[in-house]
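# turn this into a structure:
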Amino acid sequence: MTKVLYPGSFDPFHHGHLELVETVARLFDEVVVAVWHDPAKGTPLLSLDERAAVIEESLADTANVSVTHFATLVVDLADELGADMIIRGLRAPSDFESEMAQAQMNRAISGVHTLFVPAAPANAYIASKYIREIVRLGGDVGSMVPDAVAKRLHEKYQR
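Below is the predicted model of the structure:
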């Protein structure tokens, strides 16, 4: 049985993330989506628990996916979960450089491999940082996020 780990801040979880999870869920036996707080990204739109809840709701029909949150090194979580590899999404060629450096570091300190999955063109433009800005300025992101996320964001940020 092959288990993969998809870590990220997912603030917020959007259609690009959803596409990646659905893709790898078809390829592997078990997918663990792991949410963490990235202090470099400032104040999050949703708490860790809220992010985990909307991701679970968004993936409710995908039986081989579970959601957790963590505050350790991703390689330590991979080891704890018995994950065979880490999954990372790529939207554009510019994503590759930083993701590759991180993957090589993770492999050097733990031996865990990283698999890169390119985004479909329809989702390649979506980035959480833009969604956060749109939401904070009162814009509509409903076309970029799953319904559960849109509902939670509307509840918290409606004006």
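# for the longest helix along the chain, packing partners?
The longest helix of the chain (DSSP state H) is helix 93-110. Helices and strands touching helix 93-110, by 3 or more Cβ pairs under 8 Å, 6 or more residues apart in numbering; DSSP states H and E, are helix 74-81, strand 85-90, strand 113-118. Using the backbone N, CA and C atoms, a C-beta is placed for each residue, glycine as well.
# and the helices in the protein?
Under DSSP H, the chain gives helices at 15-27, 48-58, 74-81, 93-110, 128-136, 147-157.
# so where is this structure shaky, pLDDT-wise?
Applying pLDDT under 70 to the chain flags residues 159.
# one more time with 50
For the chain, no stretch has pLDDT under 50.
# okay, buried residues for stretch 131-151 please.
For stretch 131-151, burial by neighbour count (16 or more other Cβ atoms under 10 Å) applies to 131-132, 135, 141, 144-146, 148-150.
# end to end, how far does it reach?
The first and last residues of stretch 131-151 sit 14 Å apart, counting by Cα to Cα, to the nearest Å.
# hang on, the earlier thing: for A120, state which of the buried residues of stretch 131-151 is nearest.
Distance to A120 across the buried residues of stretch 131-151 (Cβ to Cβ) is lowest for M144, with 13.5 Å.
# quick one: residues contacting the closest one.
14-15, 126, 131 (Cβ atoms under 8 Å, 6 or more residues apart in numbering).
# same deal with G142?
A150.
# next: the one 4 residues further on.
If you count contacts by Cβ under 8 Å, 6+ apart, P146 has them with 13-15, 18, 54, 57-58.
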